[in-house]
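**Q** Below is the sequence, then the predicted model.
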Amino acid sequence: MKLRTLEIKLERVAGIPNPDPAQEQYMTPAPLAARLLFDAYLAGDIEGCSVCDLGSGTGILSIGAALLGADEVVGVEGDARLVAAARENAEKLSADCRFIADDIRSMRESFDTVVMNPPFGAQSEHADRPFIDAALRIAPVTYGIFNAGTMPFLASYIRGRAEIAGAVSALFPIKRMFSFHSRDLLEIPVEIVCLRRI
């Protein structure tokens, strides 16, 4: 499957119903999700692998991993409403995924690869740390979307546990969704980062 084909398929994934700003519930845009997944796929970390999507939301990363040939895909999401939406999205796209309503810190299964779009910490400082910790605990390789300004923190936080094996700059477009948004569209510089356990 080509990158553009994956992106077109992921455009069909429905967004987050009544998103909670305190939880930083922003839908991962299809082009960004497709880029992260395709990079992982080209590196041999998706096809034939077991993949866990931490904070899976409505399932865009999980569904994309399944469409790219992952053997097993598990999405973990703390908001049961989003789990229901993810299951509907997966059914709509004929993607074989399992979605669990649980705290990501409770995950004890092991996987080949983690994919994730963790909170950036705009509403709750260090909100990304439990995601990083869980990812490094359950899989040897992680692909995640991080605020570009957090790269020095990320390198320091994973020191001794993992290394940054690659990073690609991108933009995360956020449309006006909440009352505190002052612009119709805000494009946040991000990095699609690959972490590999040491």
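**A** Ah, there it is. Numbers count the residues shown, from 1 in each chain.

**Q** From here on, just use CA atoms for contacts and neighbour counts.
**A** Fine.

**Q** partner residues bridging the most centrally placed residue in the chain?
**A** The C-alpha lying nearest the average C-alpha coordinate of the chain belongs to M116 (Cα atoms, centre = their mean; 2.4 Å). With DSSP bridges as the criterion, M116 is bridged to L54, G144.

**Q** Contacts only, for it.
**A** Applying Cα atoms under 8 Å, 6 or more residues apart in numbering to M116 gives the contacts D53, L54, G55, S56, L61, T142, Y143, G144, I145.

**Q** do the same with V115
**A** L37, V51, C52, D53, L54, L61, S62, T142, Y143, G144.

**Q** I'd like to check what contacts stretch 85-97. Which residues are they?
**A** Applying Cα under 8 Å, 6+ apart, the contact partners of stretch 85-97 are 9, 12-14, 16, 56-60, 62-63, 66-67, 72-75, 98-99.

**Q** Would you write a PyMOL line that selects the buried entries of those?
**A** To isolate the buried ones among these in PyMOL, judged by 16 or more other Cα atoms under 10 Å, type:
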select buried, resi 9+13+14+16+56+57+58+59+60+62+63+66+67+72+73+74+75+98+99
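
**Q** I'd guess K9 is in a helix, am I close?
**A** Yes. With DSSP: H, G, I helix; E, B strand; the rest coil as the criterion, K9 is located in a helix.

**Q** Could you find the closest non-adjacent residue to it?
**A** Leaving aside its sequence neighbours, K9 sits nearest to L93 (Cα to Cα, 6 or more residues apart in numbering; 7.7 Å).

**Q** again, but for P31
**A** Leaving aside its sequence neighbours, P31 sits nearest to E7 (Cα to Cα, 6+ apart; 5.5 Å).

**Q** buried sites along the one helix or strand S156 maps to?
**A** Taking DSSP states H and E as the criterion, S156 maps to helix 151-157. Neighbour counts over helix 151-157 (16+ other Cα under 10 Å) mark M151, L154 as buried.

**Q** So for that helix, mean pLDDT?
**A** Helix 151-157 comes out with an average pLDDT of 94.

**Q** Could you list the residues in contact with that helix?
**A** Outside of helix 151-157, the residues within contact range by Cα under 8 Å, 6+ apart are E163, I164.

**Q** Export that helix to PDB, keeping only CA atoms.
**A** What follows is helix 151-157, C-alpha atoms only, in PDB (Å, rounded to 0.1, in the frame of the first residue of the first chain):
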ATOM      1  CA  MET A 151      12.900  17.000  22.000                       C
ATOM      2  CA  PRO A 152      15.600  18.000  24.600                       C
ATOM      3  CA  PHE A 153      13.300  16.800  27.400                       C
ATOM      4  CA  LEU A 154      12.500  13.600  25.600                       C
ATOM      5  CA  ALA A 155      16.200  12.800  25.000                       C
ATOM      6  CA  SER A 156      16.900  13.400  28.700                       C
ATOM      7  CA  TYR A 157      13.900  11.600  30.000                       C
END
